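S.K.: Please work out how this folds:
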Amino acid sequence: MRLPLVAIVGRPNVGKSTLLNALTRRRVSIEAPKPGTTVDRVTAVVERGDIVFEAMDTAGIVDEPDSEVMAQAQAQVSIALEHADAVLFVVDLRDGLTPADSKIAERLRRGKVPVVVVANKCDSEKTVGQEADFFRFGFGQPVITSALTRRGLDDLAQVVQEKIPPDRRAGAVPDPGLKIAIIGRRNTGKSTMLNKFAGETRVVVSPIAGTTRDSIDVRMEIDGKKFTIIDTAGLRRKRNQDAMDHFGRVRTERALRRCEVVFFLVDASESVSVVDKKIAQVIVDAGKPVVLVLNKWDLAQKAGRQPDEYQEYYDEVLPGLAFAPIVCASGKSGFNLRELLKLAADLNEQSGFRVPTSFLNRLVEDAQTWHTPARRGKLPKIYFAKQTKVHPPEFVLVVNNVDGFTGEYMRYIENRLRENLPLAEVPIRVLFEAKRRKGNS
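M.R.: So this is what the prediction gives:
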């Protein structure tokens, strides 16, 4: 059973995103004074004591959207209200009751979902008592909060719990399943692919680059297996970034740390860009299993491209990802998306593989017999090998002299391990460690 869903709505700049971040105790949604910063439905699990629910930040409600993106954002608000078990109607206590608030209240009264008025921005004692005006909305006692100072949040969570129908209340956070981050530069089709996975318009899709600003989590179950797909902001060169780009980049980096597998989307109809290469290096440094997804394959096919044309090209331009499987896909049509999920599960299993120590040492001994490191002073010698980590697999070779082993020899060992272990498609790390002398701690 899914968690109860609580939609956070209100006019622009009343502190909805700050409230979500305060409730979850982490920076989930981008906070900025610029109206229209939030355009998608951003969700996160709230745990306050034994109270658990999923909160959803939404775009500020406006009468007349000034762009296609904002029009789609308003549609996202409607979808959120349609699926919500309860609504947090956020108002700015300092501004008092405004005509825009009244219009939103009228809209909410037409619905059948319980509403809690959140009188936010009670950042000082001077504003206490000003919430009386909001009684006229007809939703009962407003809850006074300050998302900025964390005031009233436990009281708010308790009121939310009372508003949620008893049969929809949850006692524990569900298993998120395999966490997959969709990462790539701007306009490679990340949001379109996420929406296809989710089976609904979950995030705003637009030809305008940079539409997605937050990292968006969507939980789903396919063929009995659970997944959390994380859509991230499209990245571009740092010299062209504005404040929103900076926030989006930070969240993308956080998503990369949180996930277990990466779908690295590139546009199959275009050449690899400088930004693509930089993203590839970030993924390599993170050590996460990755699928190189040639998205927009339908466009590449129209141009007469064939799948076997790509392997050599990507090995050349993205050498750090030579181990990564390549999959042709289309987020628009859904082509190969189920296969992507199956591959992600397989890569996660590979990344968790642990090698028996005796077998590992036989492999390393054979590798050293076939190819001895070039001698530079003292004869390089490997005493023994051990696996110290999984996700990604990490191997430490204890040697007599670390400086005697070059990066080239490290890659040779890495390749031999890939050839002889079920780790051909995932990143692995090989480290050299000097043998400790007796008496040294």
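S.K.: Give me the helix or strand of the protein that scores worst on average pLDDT.
M.R.: None of the helices or strands of the chain scores lower by mean pLDDT, DSSP states H and E than helix 243-258, at a mean of 68.
S.K.: For the stretch 151-300 of the chain, which segments count as helices?
M.R.: Using DSSP state H, counting those that start in this stretch, the helices of the stretch 151-300 of the chain run over 153-163, 190-198, 243-258, 274-286, 297-302.
S.K.: How about the stretch 301-441 of the chain?
M.R.: 310-317, 337-351, 357-370, 407-420.
S.K.: can you redo the ones you listed as CSV with mean neighbour count and distance to residue 139?
M.R.: Quick note: C-beta positions are derived from backbone N, CA and C, even for glycine. Formatted as CSV, these follow (neighbours: other C-beta atoms under 10 Å; distance: least, C-beta to C-beta, whole Å):
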stretch, mean neighbour count, distance to residue 139
helix 310-317, 13, 56
helix 337-351, 18, 41
helix 357-370, 14, 64
helix 407-420, 16, 61
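S.K.: domains in the protein, as residue ranges please.
M.R.: 5-168, 178-351, 357-434 (automatic domain parsing).
S.K.: mean pLDDT lowest for which of the ones you listed?
M.R.: Ranked by mean pLDDT, the domains of the chain bottom out at domain 178-351, which scores a mean of 81.
S.K.: now the end-to-end length of that domain.
M.R.: Using C-alpha to C-alpha, to the nearest Å, the end-to-end distance of domain 178-351 comes to 13 Å.
S.K.: Start at 341, not 1
M.R.: Okay, residue one is now 341; in that scheme the one you just asked about reads as domain 518-691.
S.K.: quick one, which of the helices of the stretch 491-640 of the chain is nearest to residue 657?
M.R.: helix 614-626 (7.1 Å; C-beta to C-beta).
S.K.: Now do that closest one: which elements does it pack against?
M.R.: Contacts defined by 3 or more C-beta pairs under 8 Å, 6 or more residues apart in numbering; DSSP states H and E place helix 614-626 against helix 583-598, strand 601-607.
S.K.: just how off-centre is the shortest one within its chain?
M.R.: Shown here is strand 601-607, whose average C-alpha point lies 12 Å from the average C-alpha point of the whole chain (C-alpha atoms, centre = their mean, to the nearest Å).
S.K.: Just give the nearest non-adjacent residue to residue 723, would you?
M.R.: residue 738 (4.8 Å; C-beta to C-beta, 6 or more residues apart in numbering).
S.K.: Tell me who's in contact with that neighbour.
M.R.: The neighbours of residue 738, taking C-beta atoms under 8 Å, 6 or more residues apart in numbering as the test, are 722, 723, 724, 725, 726, 773, 774, 775.
S.K.: So residue 688 is in contact with residue 600, correct?
M.R.: Yes: counting by C-beta atoms under 8 Å, residue 600 is a contact partner of residue 688 at 5.3 Å.
S.K.: Now residue 363, what are its backbone angles?
M.R.: Here is the backbone geometry of residue 363 (degrees, to the nearest 10): phi -60, psi -40.
S.K.: count of neighbours near it?
M.R.: Close neighbours of residue 363, defined as other C-beta atoms under 10 Å, add up to 28.
S.K.: Quick check: it touching residue 393?
M.R.: No: applying C-beta under 8 Å, one finds residue 363 not in contact with residue 393, separated by 9.3 Å.
S.K.: joint contacts of these two?
M.R.: By C-beta under 8 Å, 6+ apart, the residues touching both residue 363 and residue 393 are residue 386.
S.K.: what's the residue nearest to residue 366 when sequence neighbours are not counted in contact with, if anything?
M.R.: Leaving aside its chain neighbours, residue 366 sits nearest to residue 384 (7.6 Å; criterion: C-beta to C-beta, 6+ apart). In this structure, residue 384 makes contact with 360, 363, 364, 366, 368, 369, 394, 395, 557, judged by C-beta under 8 Å, 6+ apart.
S.K.: Does residue 754 touch residue 767 like I think?
M.R.: No: at 9.5 Å, residue 754 and residue 767 do not qualify as touching, with contact defined as C-beta under 8 Å.
S.K.: Export the helices of the stretch 491-640 of the chain to JSON lines and append columns for distance to residue 678 and mean neighbour count.
M.R.: As requested, these are exported to JSON lines (distance: least, C-beta to C-beta, whole Å; neighbours: other C-beta atoms under 10 Å):
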{"stretch": "helix 493-503", "distance to residue 678": "36", "mean neighbour count": "18"}
{"stretch": "helix 530-538", "distance to residue 678": "10", "mean neighbour count": "22"}
{"stretch": "helix 583-598", "distance to residue 678": "22", "mean neighbour count": "18"}
{"stretch": "helix 614-626", "distance to residue 678": "23", "mean neighbour count": "17"}
{"stretch": "helix 637-642", "distance to residue 678": "15", "mean neighbour count": "17"}
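S.K.: export those to TSV and tack on distance to residue 511?
M.R.: Output for the helices of the stretch 491-640 of the chain, formatted as TSV (distance: least, C-beta to C-beta, whole Å):
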stretch	distance to residue 511
helix 493-503	11
helix 530-538	26
helix 583-598	24
helix 614-626	34
helix 637-642	44
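S.K.: which one of those lies closest to residue 730?
M.R.: Of all these, helix 614-626 sits nearest to residue 730, with 15.1 Å by C-beta to C-beta.
S.K.: So what touches that closest one?
M.R.: Taking C-beta under 8 Å, 6+ apart as the rule, helix 614-626 contacts 523-525, 575-577, 593, 596-597, 602, 604, 606, 630, 657-658, 660-661, 767.
S.K.: Please indicate which of those residues are buried?
M.R.: Neighbour-count burial (16 or more other C-beta atoms under 10 Å) applied to the contacts of helix 614-626 gives 523-525, 575-576, 593, 596, 602, 604, 606, 630, 658, 661, 767.
S.K.: coming back round to it: out of the contacts of residue 738, who has the most neighbours?
M.R.: Using other C-beta under 10 Å as the neighbour test, those are led by residue 725, with 23 neighbours.
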